[in-house]
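K.L.:
next one to model:
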Amino acid sequence: MLEIKNITISYQNRPTVKNFSMDLKEGEIASLVGESGSGKTTVIRAVLGLLAGGGKVTEGDILFGGKSLLKNTPDQWRKLRGTDISMIFQDSGAMLNPIRKIGAGFVEYIRIHEDISKGDAWKKGIAMLERMRLPSGDNIMNSYPFQLSGGMRQRVGIAMAMTFRPKLLLADEPTSALDVTTQAQIVRQMMELRDDYGTSIIVVTHNLGVAAYMSDRIVVMKNGEITDSGSREDILHGSHSGYAQRLLDAVPSLGGVRYV
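P.N.:
Residues are numbered from 1 along each chain as shown. Alright, predicted model coming up:
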């Protein structure tokens with residue numbers, strides 16, 4: 001479904017991600033794990049064609065459904081983003097307009113991608129919010145982002161991203177700004193989306209525990225390169241690099257037992 005073929009991503013002719021390759025099957029969850037600055041977010045931004053600051057894929061190719069994303073025109077990108085490929089950001093609240101109510105932005109988003117009345121778009125938005133277990137969707141739609149908790153804003157972001165049942169969901173540190181209890185709820189709901197819709201997910205995370213819990217495959221990155229890649233069992237219990245082992249050793253233990 002998604003195939004990233006030996007890409008190099010450069011800023012001002014300086015490579016920041018080098019020789020990166022991975023593939024993702026339908027309904028599969030993969031995690032990109034590594035320290036800050038390792039290139040994780042750069043990779044998923046390249047998949048969505050949203051590299052900032054003049055970044056470019058200078059080598060390799062990214063195929064989605066067998067077609068090269070690098071050849072997309074601006075109009076093709078507009079049709080693809082938010083429908084077949086969606087993204088959840090680290091703090092979805094920061095991506096919402098602070099002076100507009102949730103409903104105004106949600107309805108506009110739906111109507112950009114679908115020929116539908118405002119009333120029907122409003123109902124569709126409420127249905128998606130309630131699908132994400134947000135109580136009283138109508139009240140949420142009539143709220144400003146600052147009136148919601150971090151966990152509620154993140155659920156709003158996921159609800160918007162999943163409105164058109166995308167084939168691929170890109171999640172950039174979707175739980176890092178949340179408390180542990182809310183993190184667990186968001187992770188479980190993302191896995192339910194995979195189970196219900198067959199959506200493939202790439203998760204960027206620092207948290208190896210999150211990656212181990214939800215992922216079928218784990219890719220470990222450092223300094224813009226892959227140091228390890230394989231199934232969850234391969235990374236957690238098989239042979240891997242010293243860097244991957246240090247990440248595993250950094251996971252806290254409880255009573256002398258580490259649950260990763």
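
K.L.:
how about the helices in this protein?
P.N.:
Here the chain has its helices, by DSSP state H, at 40-47, 74-80, 102-113, 118-131, 137-141, 150-161, 180-197, 208-214, 232-237, 242-249.

K.L.:
buried residues in the second one?
P.N.:
When you say that, I think you mean helix 74-80. L80 (16 or more other C-beta atoms under 10 Å). Yep, even glycine has a C-beta here, placed from its N, CA and C like the rest.

K.L.:
contact partners of that helix?
P.N.:
49, 69, 72 (C-beta atoms under 8 Å, 6 or more residues apart in numbering).

K.L.:
R246: how many residues sit nearby?
P.N.:
With neighbours defined by other C-beta atoms under 10 Å, the count for R246 comes to 9.

K.L.:
how far is stretch 31-51 from where the chain is centred?
P.N.:
Its chain's C-alpha centre and that of stretch 31-51 lie 10 Å apart, by C-alpha atoms, centre = their mean, to the nearest Å.

K.L.:
hmm, I typed the wrong one, I wanted stretch 68-77.
P.N.:
20 Å.

K.L.:
same question for it, mean pLDDT?
P.N.:
For stretch 68-77, the mean pLDDT works out to 93.

K.L.:
what bits of the stretch 51-200 of the chain have low per-residue confidence?
P.N.:
Applying pLDDT under 70 to the stretch 51-200 of the chain flags residues 93, 177.

K.L.:
again, only this time at 90
P.N.:
52-54, 78-79, 82, 88-98, 130-136, 149-155, 157-159, 161-162, 165, 173-198 (pLDDT under 90).

K.L.:
among the contacts of helix 74-80, who's most crowded?
P.N.:
Neighbour-wise, these (other C-beta under 10 Å) top out at L69, 21 neighbours.

K.L.:
quick check, that residue in contact with I62.
P.N.:
Yes - look at L69 against I62 with C-beta atoms under 8 Å: they come within range, at 4.6 Å.
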